[in-house]
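Visitor: I'd like to go over a predicted model; first the sequence, then the structure.
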Amino acid sequence: MKEKIITIKVESAAQGQWSSLLLELNLMKKAWRSYGVDINIKAPGLKNVLTHGTRVNDGSNTIKRRAV
């Protein structure tokens, strides 16, 4: 099957909106994988957003607030 390309241009989006958009596209990519669709995403800051946005709270952050 022929490769299909979609281009999305985003203007004047806040950093939080950009991160949310990338995380939503990543969720879509994972959901469609089970149907045999391979989606590649290229965006500035994608790796950073995905590492921080898909992190699971596993309790490894042991920094506790000091009781006052």
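Guide: Yep, that arrived.
Visitor: can you pull the buried residues of the helix or strand containing Gln17?
Guide: Here Gln17 sits within helix 15-33, counting by DSSP states H and E. Buried residues in helix 15-33, counted by 16 or more other CB atoms under 10 Å: 19, 22-23, 25-26. For the C-beta atoms, the positions are set from N, CA and C on the backbone; glycine is no exception.
Visitor: repeat for stretch 45-61
Guide: In stretch 45-61, counting by 16+ other CB under 10 Å, buried: 49-50.
Visitor: returning to that earlier point: got the CA coordinates for the next helix or strand after the helix holding Gln17 in CSV?
Guide: Of the helices and strands lying after helix 15-33 in sequence (DSSP H and E), the nearest is helix 46-53. What follows is helix 46-53, C-alpha atoms only, in CSV (Å, rounded to 0.1, in the frame of the first residue of the first chain):
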residue,chain,number,x,y,z
LEU,A,46,8.7,14.9,20.9
LYS,A,47,11.2,12.7,22.8
ASN,A,48,11.2,15.0,25.8
VAL,A,49,7.4,15.3,25.9
LEU,A,50,6.9,11.5,25.6
THR,A,51,9.4,10.6,28.3
HIS,A,52,7.9,13.0,30.8
GLY,A,53,4.3,12.7,29.7
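Visitor: identify the residues contacting helix 46-53?
Guide: Residues external to helix 46-53 that are found in contact with it (CB atoms under 8 Å, 6 or more residues apart in numbering): 18-19, 22-23, 26.
Visitor: repeat the analysis, applying 10 Å as the threshold.
Guide: With CB atoms under 10 Å, 6 or more residues apart in numbering as the test, helix 46-53 has contacts from 15, 18-23, 25-26, 41, 43.
Visitor: include pLDDT when you put the residues you listed into CSV, please.
Guide: Converted to CSV, the contacts of helix 46-53 look like this (pLDDT from 0 to 100):
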residue, pLDDT
Gln15, 92
Trp18, 93
Ser19, 94
Ser20, 94
Leu21, 95
Leu22, 95
Leu23, 94
Leu25, 95
Asn26, 95
Ile41, 94
Ala43, 92
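Visitor: of those residues, which pair is most distant in space?
Guide: Among the contacts of helix 46-53, the pair separated by the greatest distance (CB to CB) is Gln15 and Ile41, at 17.7 Å.
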